[in-house]
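> Dropping a prediction and its sequence here:
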Amino acid sequence: MSKKKWNPEMPEKELLQKELKRELYKRRFRKILRSSFHALIVVAAVAALIATLLLPVLQIAGTSMEPSLKDGDIVLLAKTSKLERGELCAFYYSNKILIKRVIGLPGDYIWIDKDGTVYVNNDMLDEPYVSEKALGECDMEFPYQVPENSYFMLGDQRATSIDSRSSVIGCVPKDQLIGRLLCKIWPLSEWAWLG
């Protein structure tokens, strides 16, 4: 109890009641503070699990996906191995995470002419996300059939991107996929859905 000067005008009973209320308030405050702290720890742990297991956040490094994604952009990823043509995808390659666009699905036939125009199953691919077509670093023979359980990936910056056109990377096996990009979350002024 805190020390108070005795006031003859205030009965001792009232002083005790005031002091008891103050002590009960302190206990209640500590209890609320402790439970709030525990709740924050649980929320942080759940957020970390979701970010790690379901919706990882990645920062773009490099220019192979320009103009869609720029160096330093931050994106949100949905973990999945079910991809559609045209989606942006993250995958593991040589202890790195690469981001490219899905062009060919398992079993598709791919052909790229010398000008960089891409054909999938004999249909010219409409690629509004590519600013300049180019054959780029390509050492494969066309037409090329995408193997089962693999995906043919290309960067949007065709002149400089190292992707499935090069035997260094080749088609991406399904077990190396991390997932598809959902949205660009940074910079905030450029926030956009990517799927």
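The structure has been received and is ready for your questions.
> In the chain, what residue spans correspond to strands?
Along the chain, counting by DSSP state E, strands occupy 57-59, 74-79, 88-93, 96-104, 109-112, 118-120, 123-124, 144-145, 150-154, 172-173, 177-186, 192-193.
> what residue ranges in this structure score low on pLDDT?
Counting by pLDDT under 70, the chain contains low-confidence residues at 1-10, 49-54, 195.
> Which stretches in it count as helices?
Here the chain has its helices, by DSSP state H, at 12-53.
> on that earlier part again, among the strands of the chain, show me which one is buried the most.
Greatest average neighbour count among those goes to strand 150-154 (a mean of 25), per mean count of other Cβ atoms under 10 Å. For the C-beta atoms, the positions are set from N, CA and C on the backbone; glycine is no exception.
> wait, what's in contact with L105?
L83, E84, R85, V146, Y151, F152 (Cβ atoms under 8 Å, 6 or more residues apart in numbering).
> Now distance to I103 too, for those residues, in a markdown table please.
Listed next are the contacts of L105 as a markdown table, based on distance: Cβ to Cβ, whole Å:
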| residue | distance to I103 |
| --- | --- |
| L83 | 11 |
| E84 | 11 |
| R85 | 7 |
| V146 | 9 |
| Y151 | 8 |
| F152 | 5 |
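> right, and out of those, which lies closest to W186?
Relative to W186, the closest of these is L83; by Cβ to Cβ it sits at 23.6 Å.
> Once you drop chain neighbours, what's closest to F152?
Using Cβ to Cβ, 6 or more residues apart in numbering and skipping the chain neighbours, the partner closest in space to F152 is G104 (3.1 Å).
> didn't the one you found look like it was pressed against V120?
Yes - at 5.9 Å, G104 counts as touching V120 under the criterion of Cβ atoms under 8 Å.
> Quick check: neighbours shared by these two?
Joint contacts of G104 and V120 (Cβ under 8 Å, 6+ apart) are R85, I110.
> I'd like to know how far R22 sits from L16.
Distance of R22 to L16, given as Cβ to Cβ, to the nearest Å: 11 Å.
> what sits against M65?
L88, I99, K100, R101, G155, D156, Q157, S161.
> excluding its backbone neighbours, what's nearest V130?
D156 (5.6 Å).
> What distance do you get for the one you found to L33?
Using Cβ to Cβ, one obtains 51 Å as the distance from D156 to L33.
> the more surrounded of these two?
Higher neighbour count among D156 and L33: D156, with 22 against 10, using other Cβ atoms under 10 Å.
> Would you mind confirming that F91 makes contact with S150?
No - F91 is beyond contact range of S150, at 10.6 Å (criterion: Cβ under 8 Å).
> Cool, thanks, signing off.
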